[in-house]
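Peer 1: A predicted structure for the sequence below; I have some questions about it.
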Amino acid sequence: MPPATFLNRQALYLRPDPARVIVRPFKPATEPKDLKPTDKTRANHIVDRVLGLDAETTERQLAAVLENFSGRHRNLLATFEARADEMEEALVTHLPFSVAQRRLVGSYFVHEYSFEASALFNPSIVVHPDQSLAPPGGLRFVLSLRAVGEGHVSSLTFRAGSIARDGSVSIDPTTRLAAMPRATGLVPWPGDGPVDLAFKADEDISERVIFPVTGWQSNGIEDARFVRFTDGDSHTYYATYTAYDGRAIRSELLQTDDFVTFRMRPLGGSAARNKGMALFPRKLDGRYAMIGRQDNENLYLIYSDDLHTWDGGQPILRPEWPWEFVQIGNCGSPIELDEGWLLFTHGVGPVRRYAIGAALLDKRDPSKVIARSREPLVHPDPSQREGYVPNVVYTCGAIRHGPRIILPYAVSDTFSNFATIGIEALLGAMEPQ
């Protein structure tokens, strides 16, 4: 199957980098089941051993740790001290820590995690909130990506970049360091209420990693679909994503104005029990609108008066062509054109092969499908079909710039690439419905 003639793949690849690490809490292995409340745990034993060191040895050991790791992280001493505070509250009574002991104790209860060691994929792209550095005739953007590390745990990471007047894409250099935000509002622990996240404003956007912070997210924050939502004169960035605890999934919503502070909260309602929800970039007739898949097969249009509660919905797109016979899903929020709402879709075909197509929905009534692609626009290229999950191309959102669509997409759940698509040619190639 030849690629679409109006699609231009760019020689720009974002690949996982195992050298980028964050610091996470480390917990010793599970304790024996017959442990009594008054018994010392393995954590207590570790602390006792540290407190048994003389002052000189303590200082020497701490200096060795810092020499080994300080170039890999910001404010490592503060991280050790914060972790020691957490441990001190959890441990059986012991002698007070000195400053050096506190820092050394904290170092024993953290570990490095290479958050994108395995994959960097399923990108989503939106207009950057700050356009001061945009090239002439171009624009700045924020790219979100799903990063996967040890244990197949997914987190959310970011890049910034520019689109030139001619549609060429460039990515800003990625920093070596990475950091997680400060989280508040984690009560109750499962994460049934809002959670606020705050990064430091002076950190580069590529440093910011949103790692699972609640029980529902414990095995992953997956496939964020970002959209710049317009309401009157104000703009807010929302992202629908899948929280996964290792057994069950839940749709949740991420909100930000500046990509420095974020709020996470679950979505409620019967329509939010499934993956792959994508919000329209504005209200339609005074109501929020979403594209989602409720039955693991078809795409639905859902309306709601409440951004955080979604029920019902009507099916608008079903598998029609052989490349999508297994199921279809959305590839991010609809893009508003003069001709209608352009919705990128993914289809699953033989040998569980994922490809990307498109549909055009009516501007006033998106339940009406005006046209759709008979053949996929992007499919696994023979030279790019191998990876963590072979035979897959996938995206979580594209952006319009002038007469083109900028489409970032993932290859075989491993790395990400970019393509540009001429809007006029794309619409002309779609089959009327």
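Peer 2: Yep, that arrived.
Peer 1: tell me the mean pLDDT for stretch 201-211?
Peer 2: Stretch 201-211 carries an average pLDDT of 96.
Peer 1: contacting residues for Leu156?
Peer 2: Listed by Cβ atoms under 8 Å, 6 or more residues apart in numbering, the contact set of Leu156 reads Ser144, Leu145, Arg146, Ala147, Val209, Ile210, Ile221, Ala224, Tyr241, Leu254. Placement of C-beta: from N, CA and C, glycine included.
Peer 1: from these, pick the one nearest Asp48.
Peer 2: Asp48 has its nearest neighbour among the contacts of Leu156 in Val209, at 33.5 Å by Cβ to Cβ.
Peer 1: ok so, going back, out of the contacts of Leu156, who's the most crowded?
Peer 2: If you count neighbours using other Cβ atoms under 10 Å, the busiest of the contacts of Leu156 is Tyr241, which has 30 neighbours.
Peer 1: in the lowest-mean-pLDDT helix or strand in the chain, what counts as buried?
Peer 2: The helix or strand of the chain with the poorest confidence is helix 76-90; it has a mean of 85 (mean pLDDT, DSSP states H and E). By neighbour count with 16 or more other Cβ atoms under 10 Å, helix 76-90 contains the buried residues Leu76, Leu77, Thr79, Phe80, Glu81, Ala82, Arg83, Ala84, Met87.
Peer 1: domains of the protein?
Peer 2: Annotated domains of the chain cover 7-20+114-432, 22-113 [automatic domain parsing].
Peer 1: hey, which of the ones you listed is tucked in deepest?
Peer 2: Comparing the domains of the chain by mean neighbour count (mean count of other Cβ atoms under 10 Å), domain 7-20+114-432 comes out on top with a mean of 19.
Peer 1: hang on, the earlier thing: report the two of the contacts of Leu156 separated the most.
Peer 2: Among the contacts of Leu156, the pair separated by the greatest distance (Cβ to Cβ) is Ala147 and Leu254, at 15.1 Å.
Peer 1: export the contacts of Leu156 as CSV, with columns for secondary structure and distance to Thr414.
Peer 2: Output for the contacts of Leu156, formatted as CSV (DSSP: H, G, I helix; E, B strand; the rest coil; distance: Cβ to Cβ, whole Å):
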residue, secondary structure, distance to Thr414
Ser144, strand, 17
Leu145, strand, 12
Arg146, strand, 11
Ala147, strand, 12
Val209, strand, 19
Ile210, strand, 21
Ile221, strand, 18
Ala224, strand, 18
Tyr241, strand, 20
Leu254, strand, 24
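Peer 1: looking at these, which is nearest Pro322?
Peer 2: Using Cβ to Cβ, those come closest to Pro322 at Arg146, 28.0 Å.
Peer 1: how about the nearest residue to that closest one, chain neighbours excluded?
Peer 2: Distances taken as Cβ to Cβ, 6 or more residues apart in numbering put Asn122 closest to Arg146, at 4.4 Å, once the chain neighbours are dropped.
Peer 1: and for Pro266?
Peer 2: Nearest one to Pro266, counting by Cβ to Cβ, 6+ apart, is Glu252 at 5.0 Å.
Peer 1: quick one: pLDDT of that neighbour?
Peer 2: At Glu252, pLDDT is 96.
Peer 1: again with the one 10 residues further on
Peer 2: In this prediction, Phe262 carries a pLDDT score of 98.
Peer 1: same question for Arg385.
Peer 2: 84.
Peer 1: separation between it and Ala355?
Peer 2: Using Cβ to Cβ, to the nearest Å, Arg385 is found at 11 Å from Ala355.
Peer 1: run through the bridge partners of Tyr238.
Peer 2: Note on Tyr238: beta-bridge partners by DSSP bridges are Val227, Gln255.
Peer 1: which residues touch it?
Peer 2: Going by Cβ under 8 Å, 6+ apart, the list of residues near Tyr238 reads Phe226, Val227, Phe229, Leu253, Leu254, Gln255, Leu279, Leu307.
Peer 1: same question for Asp305.
Peer 2: Here Asp305 is in contact with Arg287, Tyr288 (Cβ under 8 Å, 6+ apart).
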